[in-house]
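J.: Predicted coordinates and the sequence they were generated for:
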Amino acid sequence: MPYETGEDDALPVRPDRRISSIDVVRAIALFGVLAVNLITEFRVSLFQQFLAPLVSGSWWDHAVETVVSVGLELKAFALFSILFGVGLAIQFERLAGNPSRGKLLVRRLLVLLGFGLVHLCLVWNGDILTEYALVGLLALPALYVPNRLVAYAGLVALVIYAALPLWLPPTFFWSGEAWLRQHVAEATLAYSRGNWAEVVRYNLCEIPDIIPLHLLVALRTFGLFLLGMALWRTGLLREPEHYRRWISGAAVLGLAVGFGMSVLDPPGPSSPFHAWSSIVSMTTTTAPVVLAIGYGATIVALFAFTGAWRVLRMFAPLGRMAFTNYLTQSLIFGWIFFGYGLGLIGRMSASHALVIGATVYLIQLVWSHWWLQRFRFGPVEWLWRTLMYGKRQPWRSSHGQAGLMPIRRGR
């Protein structure tokens, strides 16, 4: 049964038909992505995270770096990847009666690829949109496959991902620590002093050194997309009250096991080949996925089964505009840390950076509420849908459609 019935496929989903828990999880996952990007990839060169941590800084700075490393690094991206797979499955179901369904989904991902390439080349090379678009194109055929096979294929992809680094030589990524240190120094200088054209030029020069990391992570992204597709098809997110034990169990086990696995690999150099020659290291490679599932299940459980939904619903508008907010964060942080703005890369502590990030997030939360009281989509979401359908999407919101209500916690 399609996710939406009796409506034009190109029209937006009515607010009373949206499952708000998905928007809430997406919004909270976006904060995790913001924190990781800000602490490890805007504040310093993105290659700094593969070196031993600096000993300078206050205990607040060390606490922030530890929390981000253990609690959020890779976990937020894993949760976001699962949600992307959920989104692909929702679109597939909603277009069930459309003879151009496959063509529209391909176009949707090609448009995303266009956004990603612009973001990657002209704004910031820490972009994830390009990888999501390319891996999404590879994952699309799975939408036509029985759900059990999709879930098994996703698990197999994740197992191979966990073992793959054991077979890769360290030089697959770069030549060694000396190269890393030299590159970090050069990148910090280039990004902190360059004008926009110079920053873009160096940004493009770094991309070949980043590609091996994307190739490695792409297998995990593929597996998580498939798990997200399978998750949506189970009906768990549509009817959470029928799966209370499963959701609660996933929350408890995901958090307990995920954190336990994460602490087996204490914060330190996060080299993609660091200590991956042991069974323990393979376990910690899997930890982000387990913990991401725990995070997602916990948020869904709190939203669906407790009074916490009254607070959590505040995040739903930001989640509906996650694409716009993600790109806006890149523009803001680029101006703060790169030379065409304040040029603070390499000069800001982790704790101060997190305060700035939280402030930006809160402003986006308020702005998302304000925007969706007046418009049906975020601006980038509107453009994405318009280019996907080849039809100008309705822009203004009808009276009473936006705001905190109505909230749909499930069918």
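T.: In hand now; what should we look at? Numbers count the residues shown, from 1 in each chain.
J.: what's the helix or strand for the closest residue to residue 85 other than its chain neighbours?
T.: Of all residues beyond its chain neighbours, the one nearest residue 85 is residue 228 (2.2 Å), with distances taken as Cβ to Cβ, 6 or more residues apart in numbering. (C-beta placed from N, C-alpha, C; glycine too.) If you go by DSSP states H and E, residue 228 is part of helix 196-233.
J.: State the distance from residue 214 to residue 59.
T.: If you measure residue 214 against residue 59 using Cβ to Cβ, to the nearest Å, the figure is 34 Å.
J.: Which one's more surrounded, the two?
T.: Neighbour tally, residue 214 and residue 59, criterion other Cβ atoms under 10 Å: the higher count belongs to residue 214, 16 against 8.
J.: got the contact list for the residue nearest in space to the middle of the chain?
T.: In the chain, the C-alpha nearest the mean C-alpha coordinate belongs to residue 80, at 3.6 Å (Cα atoms, centre = their mean). With Cβ atoms under 8 Å, 6 or more residues apart in numbering as the criterion, the residues that contact residue 80 are 26, 29-30, 32-33, 128.
J.: got JSON lines for those residues, with neighbour count too?
T.: Output for the contacts of residue 80, formatted as JSON lines (neighbours: other Cβ atoms under 10 Å):
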{"residue": "26", "neighbour count": "26"}
{"residue": "29", "neighbour count": "26"}
{"residue": "30", "neighbour count": "25"}
{"residue": "32", "neighbour count": "22"}
{"residue": "33", "neighbour count": "19"}
{"residue": "128", "neighbour count": "20"}
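J.: Using TSV, lay out those residues together with secondary structure, distance to residue 51 and pLDDT.
T.: Listed next are these as TSV, based on DSSP: H, G, I helix; E, B strand; the rest coil; distance: Cβ to Cβ, whole Å; pLDDT from 0 to 100:
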residue	secondary structure	distance to residue 51	pLDDT
26	helix	32	97
29	helix	27	96
30	helix	27	97
32	helix	23	95
33	helix	22	96
128	coil	22	95
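J.: from those, which single one is nearest residue 147?
T.: Nearest to residue 147 among the contacts of residue 80, counting by Cβ to Cβ, is residue 26 at 22.1 Å.
J.: mind listing what that closest one touches?
T.: Contacts here follow Cβ under 8 Å, 6+ apart; on that basis residue 26 touches 80, 83, 319, 322.
J.: Can you point out the helix or strand that includes residue 367?
T.: Assigned by DSSP H and E, residue 367 falls within helix 350-372.
J.: want to throw the contacts of residue 80 into TSV with distance to residue 165?
T.: As requested, the contacts of residue 80 are arranged in TSV below (distance: Cβ to Cβ, whole Å):
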residue	distance to residue 165
26	29
29	25
30	28
32	23
33	23
128	20
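J.: Just flag the most distant two among those residues.
T.: Across these, no pair lies farther apart than 26 and 128, at 13.8 Å, counting by Cβ to Cβ.
J.: can you pull the contacts of residue 121?
T.: For residue 121, the contact set (Cβ under 8 Å, 6+ apart) comprises 200, 203-204, 207.
J.: Distance of it relative to residue 344?
T.: 23 Å.
J.: Ok, residue 222 next?
T.: Taken as Cβ to Cβ, the spacing of residue 222 relative to residue 344 amounts to 36 Å.
J.: Residue 98 belongs to a helix, doesn't it?
T.: No: Residue 98 is assigned coil when assessed by DSSP: H, G, I helix; E, B strand; the rest coil, not a helix.
J.: Next, work out how far apart it and residue 86 are.
T.: For residue 98, the distance to residue 86 under the criterion Cβ to Cβ works out to 20 Å.
J.: where's the residue nearest to residue 226 when sequence neighbours are not counted, which helix or strand?
T.: The shortest distance from residue 226 to any residue that is not its chain neighbour, by Cβ to Cβ, 6+ apart, is 3.2 Å, and that residue is residue 154. Taking DSSP H and E as the criterion, the element that holds residue 154 is helix 147-163.
J.: buried set for that helix?
T.: By neighbour count, with 16 or more other Cβ atoms under 10 Å as the criterion, the buried positions of helix 147-163 are 150-151, 153-154, 157-158, 161-162.
J.: could you give the angle of the least confident helix or strand in the chain by mean pLDDT to helix 147-163?
T.: Ranked by mean pLDDT, DSSP states H and E, the weakest helix or strand in the chain is helix 279-305, scoring a mean of 86. Here the directions of helix 279-305 and helix 147-163 differ by 140 degrees (axes from the mean of the first three to the mean of the last three Cα atoms, to 10 degrees).
J.: Now the element after helix 279-305, going C-ward?
T.: helix 309-312.
J.: Between all of the contacts of residue 26, which two are separated the most?
T.: Across these, the two members that end up farthest from each other (Cβ to Cβ) are 80 and 319, 10.9 Å apart.
J.: Overlap in contacts, those two.
T.: Contact with both residue 80 and residue 319 is made by residues 26, 30, according to Cβ under 8 Å, 6+ apart.
J.: returning to what we had before: which members of the contacts of residue 26 occur in helices, if any?
T.: When these are checked against helices (DSSP state H), the matches are 80, 83, 319, 322.
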